[in-house]
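Visitor: I need the structure of the sequence given here:
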Amino acid sequence: MSGLRGRQAIALVARREITQKLREKSFLISTGVTVALILLVSVVPKLAGFGGREEFTVAASDAAGLAVARAADRSAATFDAEVKVERLAPERAAAALESGDVDAVLSTGGLSSQEEPDETLAGIVQTAAREVRQAAALRRAGLDPPEVQRALNPPPLKVTTVEPADPERDRKGGFAFIAVLALYAQLLTFGYLLASGVVEEKASRVVEVLLSTIQARDLLAGKIIGLGILGFGQVVAIAGVGVGAAAASGALEVDGDILVAAALAVGWFVLGYAFYAGLFACAGAIVPRQEELQSSMTPLTMVILISFFISFAVLEDPDGTLARVTSFIPFSAPMIMPVRIALGEASTFEIVAAFAVTAASAIALVPLAGRIYRGAVLRTGSAVKLREAWSAAGTRA
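Guide: Numbering: from 1, shown residues only. Just a heads-up that it's a prediction; the model follows:
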């Protein structure tokens, strides 16, 4: 039987990987669940009110309480909150609190609530009460109303920064968090799919049939490319659904910067997958059974997990030493650079240089991973050490 070689073999294996996965219900279900989770993360916080202004309803049962309530309404914005003021007869106060119609009742006697009041609401009311008392004291001292207002509301302190402040930082930070979460999940998911597929073929001896007509490096390349195409399609779908849903719900204002950052995040997934794919394939090739796969994958999953945790530190300080250093380490760059790009803290030079370093590292790993895969994939019985796989590939070359 004549063997298949080169592009024809790689394309055949890649097509086989794609069609096989698309026929698996588990893969389709996991894709649906991933898209749904990104959708929830993008939309639910906004719909549930997280990250928005807190809203309180305060009732006033007499004139003194009404003065404090109105002052609370005026000062609530300082606390990133909103206070709705209602008038309420004193005899209805207890029932309104018990039913939850109001959060607090203000009167001459102070603030009343069903349970311990919210800390933000208590702070707003205390500030308002001081303002009312200070205004009364100033009026007794002979100041007219305009003078009282000027005394109680002096001009705010002017704030300047050496570096210009970015008013969109919170919005970009939220996008960066979702992007790195999706990248983390996708790298682990498709790395595991690749490794488990290698183990499955090895355990069932299917790989022996395949290698009778296809060279090991072509088989490995086809598997990596096939799953990579699926991963790329899934990431594009996730990015499109997430950005679209967040924009539709008002949770995210989509502009050119966000779209560019989303496109670059997809590109970094492709590069990250290219770097890790050969390593995950080797992790699958050196073990004989699925039960042993977890242990061989642990070093790789730990590296990705550490990079994921580092990305949180980079969210807080995207221009710090840690962020700059890890941007040029191929193991962590796919998780770090999307965060810095989304926050606008990565220069064009850094983006290009980090991409080039990671791409060069991925290319350098191809022959190494191919040799280990070739030397280990036909070894059965027990787990194969990397040195043994390397030596075995040399004897078959």
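
Visitor: any stretches of the stretch 201-350 of the chain with poor pLDDT?
Guide: Within the stretch 201-350 of the chain, the stretches falling below the threshold (pLDDT under 70) are 249-254.

Visitor: ok, 80 please
Guide: Low-confidence segments of the stretch 201-350 of the chain, defined by pLDDT under 80, span residues 203-205, 207-208, 210-212, 241-258.

Visitor: can you give me the helices in it?
Guide: 206-210, 216-249, 256-285, 293-316, 321-326, 333-342, 348-376 (DSSP state H, counting those that start in this stretch).

Visitor: looking at those, which is closest to V83?
Guide: Ranking these by distance to V83, with C-beta to C-beta as the measure, places helix 216-249 first at 25.5 Å. For glycine as for every other residue, the C-beta is placed from the backbone atoms N, C-alpha and C.

Visitor: pLDDT on stretch 353-364, on average?
Guide: Confidence over stretch 353-364 (mean pLDDT, whole number) is 92.

Visitor: residues making contact with that stretch?
Guide: Residues outside stretch 353-364 that contact it (C-beta atoms under 8 Å, 6 or more residues apart in numbering): 267, 271-272, 274-275, 278, 327-328, 330, 333-334, 337, 346.

Visitor: any chance of TSV for the residues you listed, columns neighbour count and distance to I238?
Guide: Shown next, in TSV, are those (neighbours: other C-beta atoms under 10 Å; distance: C-beta to C-beta, whole Å):
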residue	neighbour count	distance to I238
G267	18	14
L271	19	17
G272	29	15
A274	20	19
F275	21	20
G278	22	24
S327	25	23
F328	16	27
P330	19	23
A333	23	20
P334	28	15
M337	29	18
A346	24	22
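
Visitor: mind picking the two most distant members of the residues you listed?
Guide: When the contacts of stretch 353-364 are compared pair by pair using C-beta to C-beta, the farthest-apart members prove to be G278 and A346, with a separation of 26.4 Å.

Visitor: buried ones in stretch 308-327?
Guide: Of the residues in stretch 308-327, those buried by neighbour count under the rule 16 or more other C-beta atoms under 10 Å are 308, 310-311, 314-315, 318, 323-324, 326-327.

Visitor: no wait, stretch 73-83
Guide: Residues of stretch 73-83 classed as buried by neighbour count (16+ other C-beta under 10 Å): 73, 75-76, 79, 81, 83.

Visitor: in strands, which of those fall?
Guide: Here DSSP state E is the test, and these give 81, 83 as lying in strands.

Visitor: now do the closest residue to P90 other than its chain neighbours against V125, distance only.
Guide: Setting aside the residues directly before and after it, P90 is nearest to S61 in space (C-beta to C-beta, 6 or more residues apart in numbering), at 4.5 Å. With distances taken as C-beta to C-beta, to the nearest Å, S61 is found 14 Å from V125.

Visitor: what do you get for Q149?
Guide: According to C-beta to C-beta, Q149 and V125 sit 20 Å apart.

Visitor: low pLDDT regions in the stretch 1-150 of the chain?
Guide: For the stretch 1-150 of the chain, the ranges with pLDDT under 80 are 1-6, 34-35, 37-54, 80, 143, 145-150.
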